[in-house]
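**Q** show me the folded form of this:
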Amino acid sequence: MSVIYAITPELRDKFKEPFGLLIKGSLDQTMTKMREMQAQKPPKIIAVGDIVTKNLHDHKIPLDLSIIDNQNMRKKVQVTTYALNTIKVKNPKGTITKEAIETIKETLKEKNPIHIVVDGEEDLLVLIAVLYAPENSVVVYGQPHEGIVLVKVSPEKKTEASKFLKAMEKGSKS
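**A** Numbers count the residues shown, from 1 in each chain. The predicted structure follows:
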């Protein structure tokens, strides 16, 4: 397993800020906003995180890609599979591995829904999803105790994700 990126303490604080549009409110309010996004027919809808994936699935919002780690707030949650095609990857906490990057890149080319189960942590994979998703796709993840964050994939968001990753590069430090 090859770690390509690792978060620094400075970036950890920055990453806690929403990377897109924070939708606050109840589950019904956030799912209503997701339905509005779905109605715009984005090329891909990608969920990162166990609770947001479960909520979208329970509200019949189809996902092209879901990425979970069977944890919520660092506590184990019930294992759930949301797609016939499930892939497992290793991605330790606070890192992004080459395996995770390649898997996300490849799965975003697929037409059928894919479910990735991460052995480790999936949080930082939001950046990889934004970087490789087609323009106008939507990446959604949970913002603990606040709601959900919607990231509409654009050239600007891809640049922002690239800058985050550049700051995390392991390079010669690995």
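
**Q** where do the helices sit along the chain?
**A** Counting by DSSP state H, residue ranges of the helices within the chain are 9-15, 27-39, 50-58, 98-107, 125-132, 155-168.

**Q** TSV for these, including mean neighbour count, mean pLDDT and distance to Ile114?
**A** For the C-beta atoms, the positions are set from N, CA and C on the backbone; glycine is no exception. What follows is the helices of the chain, written out as TSV (neighbours: other CB atoms under 10 Å; pLDDT from 0 to 100; distance: least, CB to CB, whole Å):
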stretch	mean neighbour count	mean pLDDT	distance to Ile114
helix 9-15	12	84	24
helix 27-39	15	92	18
helix 50-58	20	92	12
helix 98-107	19	96	4
helix 125-132	24	98	12
helix 155-168	15	95	20
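
**Q** can you list the ones you listed in TSV and add distance to Val3?
**A** Conversion of the helices of the chain to TSV gives the following (distance: least, CB to CB, whole Å):
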stretch	distance to Val3
helix 9-15	15
helix 27-39	32
helix 50-58	23
helix 98-107	8
helix 125-132	13
helix 155-168	10
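
**Q** who is Ser66 paired with across the strands?
**A** Listed beta-bridge partners, Ser66: Ala47, His115 (assigned using DSSP bridges).

**Q** check Thr86 too.
**A** For Thr86, the beta-bridge partners are His115 (DSSP bridges).

**Q** residues in contact with it?
**A** By CB atoms under 8 Å, 6 or more residues apart in numbering, the contact set of Thr86 is 114-117.

**Q** list the contacts of Ile101.
**A** The contact partners of Ile101, taken as CB under 8 Å, 6+ apart, are 4, 128.

**Q** again, 10 Å this time
**A** 2, 4-5, 89, 91, 125, 127-128, 131-132, 165 (CB atoms under 10 Å, 6 or more residues apart in numbering).

**Q** again with Met34
**A** Contacts for Met34 were tallied using CB under 10 Å, 6+ apart; they are 23, 45, 47, 52, 55-56, 59, 61, 138, 140, 148, 150.

**Q** now those: which count as buried?
**A** Buried subset of the contacts of Met34 (neighbour count, 16 or more other CB atoms under 10 Å): 23, 45, 47, 52, 55-56, 61, 138, 140, 148, 150.

**Q** in a markdown table, list these along with distance to Thr32.
**A** Written out in a markdown table, the entries for the buried ones among the contacts of Met34 read as follows (distance: CB to CB, whole Å):
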| residue | distance to Thr32 |
| --- | --- |
| Ile23 | 9 |
| Ile45 | 15 |
| Ala47 | 16 |
| Val52 | 15 |
| Asn55 | 12 |
| Leu56 | 12 |
| Ile61 | 11 |
| Val138 | 15 |
| Val140 | 13 |
| Ile148 | 11 |
| Leu150 | 12 |
